[in-house]
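Q: Just need the structure, nothing else, for what follows:
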Amino acid sequence: MLLEHGAQEHATDSGLTPLFVACQEGQLEVARALVLHRANIDIRRHDGATPLLIASRNGYPNIVAFLLETRADTSVTTFDGRSPVWMASHGGHTEVLQLLVRHHPGKRATATESMDFMTPLHFGLNRVEDFLLFEFETIYDVYT
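A: This next block holds a predicted model:
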C-alpha cells in the first residue's frame with residue numbers, strides 16, 4: 001500500500017533498506033512486493049552485506065530461493081569475505097546451504113572467506129562434534 005502511494009523502496013536509514021529488513025525478518029511477500037517495485041536486490045549495507053547474505057545468515061530458505069530466482073549475485077561477500085555459503089554454514093542453516101550449493105555447485109568456500117579462517121566445513125565439523133558430545137553426555141548420564 002505504501003509503495004502504491006509513492007513510498008521510496010530504496011530509502012535508507014543506517015544503511016538498511018526496506019528489502020534488507022524484509023529479508024532479515026523472513027517476510028517473503030514484502031520482499032516480493034519491493035522487488036516488483038524495482039528494489040535493488042544486490043544493494044550493499046555498510047559492511048558489504050546484501051539481502052542474500054542477510055537471508056542466508058538468518059536461515060530463511062524461502063527468501064533465499066526467491067532471491068536466487070530473481071538472480072541475486074551469489075558471488076558477493078561482506079567486506080571481510082563472508083559469502084552466502086559461509087553465512088548459512090555458520091548459522092547451521094542446512095536447507096539454505098543446500099539451496100545455495102544447488103544453485104551454484106562450483107562455488108567453493110575457502111579459508112580466506114573470513115578473518116578467523118573458518119570455512120563452512122569447519123562449522124559443520126564443529127556442529128557434528130557438539131552433537132556427538134551431547135549424545136555422549138546424555139548416554140553417560142543415563143548409565144551412571
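Q: just so I have it, where are all the helices in the chain?
A: In the chain, the helices defined using DSSP state H lie at 18-25, 28-36, 51-58, 61-69, 84-91, 94-103, 120-143.
Q: which one of those has the lowest average pLDDT?
A: Of all the helices of the chain, mean pLDDT reaches its minimum on helix 120-143 (a mean of 51).
Q: isn't His93 right next to Ile63, touching?
A: No: using C-beta atoms under 8 Å, His93 is not in contact with Ile63, being 11.2 Å away. Using the backbone N, CA and C atoms, a C-beta is placed for each residue, glycine as well.
Q: and Asp42, how many neighbours does it have?
A: 13 (other C-beta atoms under 10 Å).
Q: Next one, pLDDT for it please.
A: 94.
Q: so who does it touch?
A: Contact analysis of Asp42 by C-beta atoms under 8 Å, 6 or more residues apart in numbering lists Thr50, Pro51, Leu52, Ala72, Asp73, Val76.
Q: Type out the PyMOL command that picks the buried ones from those.
A: Here is the PyMOL command that selects the buried residues among the contacts of Asp42 (16 or more other C-beta atoms under 10 Å):
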select buried, resi 50+51+52+72+76
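Q: I'd like the contacts of Asp42 written out as JSON lines, with distance to Gly59 added.
A: JSON lines is the format used below for the contacts of Asp42 (distance: C-beta to C-beta, whole Å):
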{"residue": "Thr50", "distance to Gly59": "16"}
{"residue": "Pro51", "distance to Gly59": "14"}
{"residue": "Leu52", "distance to Gly59": "13"}
{"residue": "Ala72", "distance to Gly59": "16"}
{"residue": "Asp73", "distance to Gly59": "20"}
{"residue": "Val76", "distance to Gly59": "18"}
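Q: Mind picking the one among the contacts of Asp42 that's closest to Gln98?
A: Leu52 (15.1 Å; C-beta to C-beta).
Q: wait, isn't that closest one in contact with Ala72?
A: Yes: counting by C-beta under 8 Å, Leu52 does reach Ala72; the two are 4.3 Å apart.
Q: Could you tell me which residues touch both of these two?
A: Ile41, Asp42.
Q: what's the span of stretch 37-57 from first residue to last?
A: 25 Å (C-alpha to C-alpha, to the nearest Å).
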